[in-house]
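Participant: need a structure here:
(one chain, ligands or ions: 1)
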Amino acid sequence: MRAAFSRRATALVLFKVALATLLVMLVGVRALAAEGGDEGQAPNPKPSRGTTTNMKVANFDEALSTALARRGGAARVTCDGRDPVARRILNEYGAVFFAAGGATPPPVCIFGGAEEVDSFQRAAKVSAQEMGGAVIELQPAAMRALLAARAEAQVEGLDITPRDGSESARRGYADTVRLWNSRLLPALEYWRGQGRLTGEEAERVRRLPVREQVGAVLELERAGVYFSKDFSKSILYSVAAPGASQHLSLLAFDAAEYADARVRQVLARHGWFRTVRNDCPHFTYLGLPESRLPAHGLKRIDTRDGEFWVPNSVDADTTPELARKAW
Ligand SMILES: [Zn+2]
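Facilitator: Numbering: from 1, shown residues only. Just a heads-up that it's a prediction; the model follows:
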């Protein structure tokens, strides 16, 4: 899928969608065929990343484009789907752009810096609430829905609480950079020591602007120079790219009780869904009834860890290794 949701033209942001290409479809098919070894689970012939429910699901890019057009001039999303890094972010975290029910979706795929995050969070408004011994902060609509879900859960003898204290909800740009650097810098040093990078190359990557740095790291990883903590897999297994976390949009909440299907059902009734494949505790406020998600280009996948609603992108399965946690 080649798609551009917007382009900057002087001060204005415009968006448009290009059509799917046969090439990318072929890549998608190849990825699907290659994913068998992903989890090392045995004799299940189904794709290891879960079963996709058989239902009519809109194409994600088309649904997003339609949604943005419907919102009119106020809807600005700077995210060029043709850019490989942005494409990955869209495929893995793009559900948040459909946030409705009074929520403000993020205006970008990847926030460019602290100022941009702060000004978005100010405009979207922040609602704070003590929950499970921590103060959590979300957009007001998301908070109202979460509190309503919690009240309903408690009536059923359940509860909904933050998994990691305050970090379970709002995060700042600096948090995402700090986490990123905690993986990046040791890995650059390691690979320099191994002779896979020269001192100059390592220094060049270290000095790149964040956005380019993410692209450079993902490129190096394609050649086996991995940046995870043990240098054996993608950095994105354990840390979000700076500026890309849904938590920056105040529309994500990591719930301690995520493993309880009854809790997930309660959250779903209040517009909270798990939209990031394999990130089990992570819920996203979409403010939509579950029945409407397929029309928004989100497909349900059922895994051994339960259900997820993820972007129905033709090429989404080309990057199954990327998202695991901390978004
Ligand atoms: Zn999360």
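Participant: can you tell me if the longest helix along the chain touches the ion.
Facilitator: Scanning the chain for the longest helix, with DSSP state H as the assignment, gives helix 173-193. No - Helix 173-193 lies out of reach of the ion by C-beta under 5 Å from the ion, never closer than 11.5 Å. (Each C-beta comes from the backbone N, C-alpha and C, glycine too.)
Participant: what about that helix, distance to the chain center?
Facilitator: 20 Å (C-alpha atoms, centre = their mean, to the nearest Å).
Participant: Just the pLDDT at the residue nearest the centre of the chain, thanks.
Facilitator: By C-alpha atoms, centre = their mean, the mean C-alpha position of the chain lies nearest to residue 93, the distance being 2.4 Å. Per-residue confidence (pLDDT) for residue 93: 86.
Participant: Show the model's pLDDT score for whatever residue of the chain ends up closest to the ion.
Facilitator: Residue of the chain nearest the ion, by C-beta to the ion: residue 282 (3.5 Å). For residue 282, the pLDDT comes out at 92.
Participant: you'd agree it is up against residue 276?
Facilitator: Yes - if you go by C-beta atoms under 8 Å, residue 282 and residue 276 touch, sitting 5.2 Å apart.
Participant: Just the buried residues of the host helix or strand of the residue nearest to the centre of the chain, please?
Facilitator: Here residue 93, judged by DSSP states H and E, is contained in helix 84-93. Residues of helix 84-93 classed as buried under the neighbour-count rule (16 or more other C-beta atoms under 10 Å) are 85, 86, 87, 88, 89, 90, 91, 92, 93.
Participant: Tell me how far that helix lies from the chain's centre.
Facilitator: On C-alpha atoms, centre = their mean, the centre of helix 84-93 falls 8 Å from that of its chain.
Participant: and if you look at stretch 210-221?
Facilitator: Put simply, stretch 210-221 sits 17 Å off its chain's centre (C-alpha atoms, centre = their mean).
Participant: Equivalent analysis for stretch 276-296, please.
Facilitator: Taking mean C-alpha positions (C-alpha atoms, centre = their mean), stretch 276-296 and its chain are 11 Å apart.
Participant: cool, stretch 87-96 as well?
Facilitator: With C-alpha atoms, centre = their mean, you get 5 Å for stretch 87-96.
Participant: Same check on stretch 113-125?
Facilitator: Using C-alpha atoms, centre = their mean, the offset of stretch 113-125 from its chain centre is 18 Å.
Participant: Just the buried residues of it, please?
Facilitator: So for stretch 113-125, counting by 16+ other C-beta under 10 Å, buried means 116, 117, 120, 121, 124.
Participant: So the third one sits against residue 111, correct?
Facilitator: Yes - A contact is recorded between residue 120 and residue 111 when judged using C-beta under 8 Å, the distance being 7.1 Å.
Participant: Common neighbours of these two, please.
Facilitator: residue 248 (C-beta atoms under 8 Å, 6 or more residues apart in numbering).
Participant: Hmm, residue 85 is touching residue 210, no?
Facilitator: No - using C-beta under 8 Å, residue 85 is not in contact with residue 210, being 10.6 Å away.
Participant: Output the lowest mean pLDDT helix or strand found in this structure.
Facilitator: helix 22-34 (a mean of 29; mean pLDDT, DSSP states H and E).
Participant: where along this protein do the strands fall?
Facilitator: 4-9, 12-16, 51-52, 127-131, 134-138, 252-254, 272-273, 282-285, 298-303, 306-311 (DSSP state E).
Participant: residues in the chain within reach of the ion, list them.
Facilitator: By the rule C-beta under 5 Å from the ion, the part of the chain lying against the ion is 252, 254, 282.
Participant: OK, contacts around the nearest residue in space to residue 160 that is not next to it in sequence?
Facilitator: In space, and not counting its chain neighbours, residue 160 is closest to residue 150: 4.4 Å by C-beta to C-beta, 6 or more residues apart in numbering. When contacts are counted by C-beta under 8 Å, 6+ apart, residue 150 touches 131, 159, 160.
Participant: Write the PyMOL selection for whichever of those residues are buried.
Facilitator: Buried members of the contacts of residue 150, defined by 16+ other C-beta under 10 Å, are picked up in PyMOL with:
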select buried, resi 131+160
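Participant: since we're on the residue of the chain closest to the ion, how many residues are nearby?
Facilitator: 26 (other C-beta atoms under 10 Å).
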